[in-house]
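K.L.:
What follows is a predicted structure for the sequence shown.
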Amino acid sequence: MAVNPMELMKLGERLRIFNSQHPRVGSFLKDVSANAIGEGAVIELKVTSAEGKEYVTNIKVTKEDMETIEVLKNARS
């Protein structure tokens, strides 16, 4: 799977826009990744549509998940 540099640049710009429009998300993710996410933690996602329908899922964090999180953290550096 080849990485398209133009798509990476586009992704970077979209993330900057997202972070400027939703600044609390980034700080929340930093806080929980530093203080709450570890092997055995449960991450739950909930989306409420504009019509009010709720979608919920969760995962229990594994050792492999923690390795992925570390790779993502290092990629930001």
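P.N.:
Yes, it's here.
K.L.:
What's the local residue count around Asn19?
P.N.:
Neighbour count for Asn19, taken as other Cβ atoms under 10 Å: 13. Every residue, glycine included, has its C-beta placed from N, CA and C.
K.L.:
Quick check: it vs Glu54, distance?
P.N.:
As for Asn19, its distance to Glu54 is 26 Å (criterion: Cβ to Cβ, to the nearest Å).
K.L.:
On the three-state scheme, Ile43 is what?
P.N.:
Following DSSP: H, G, I helix; E, B strand; the rest coil, the label given to Ile43 is strand.
K.L.:
hey, what's it bridged with?
P.N.:
Ile59 (DSSP bridges).
K.L.:
who's in contact with it?
P.N.:
Shown in contact with Ile43 (Cβ atoms under 8 Å, 6 or more residues apart in numbering): 37, 58-59, 61.
K.L.:
Put the buried members of those into a ChimeraX selection.
P.N.:
In ChimeraX syntax, the buried subset of the contacts of Ile43 is picked out as below (16 or more other Cβ atoms under 10 Å):
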select :37,61
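K.L.:
any chance of the contacts of Ile43 in JSON lines, plus distance to Ala50 and pLDDT?
P.N.:
Converted to JSON lines, the contacts of Ile43 look like this (distance: Cβ to Cβ, whole Å; pLDDT from 0 to 100):
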{"residue": "Ile37", "distance to Ala50": "29", "pLDDT": "91"}
{"residue": "Asn58", "distance to Ala50": "23", "pLDDT": "98"}
{"residue": "Ile59", "distance to Ala50": "26", "pLDDT": "96"}
{"residue": "Val61", "distance to Ala50": "30", "pLDDT": "95"}
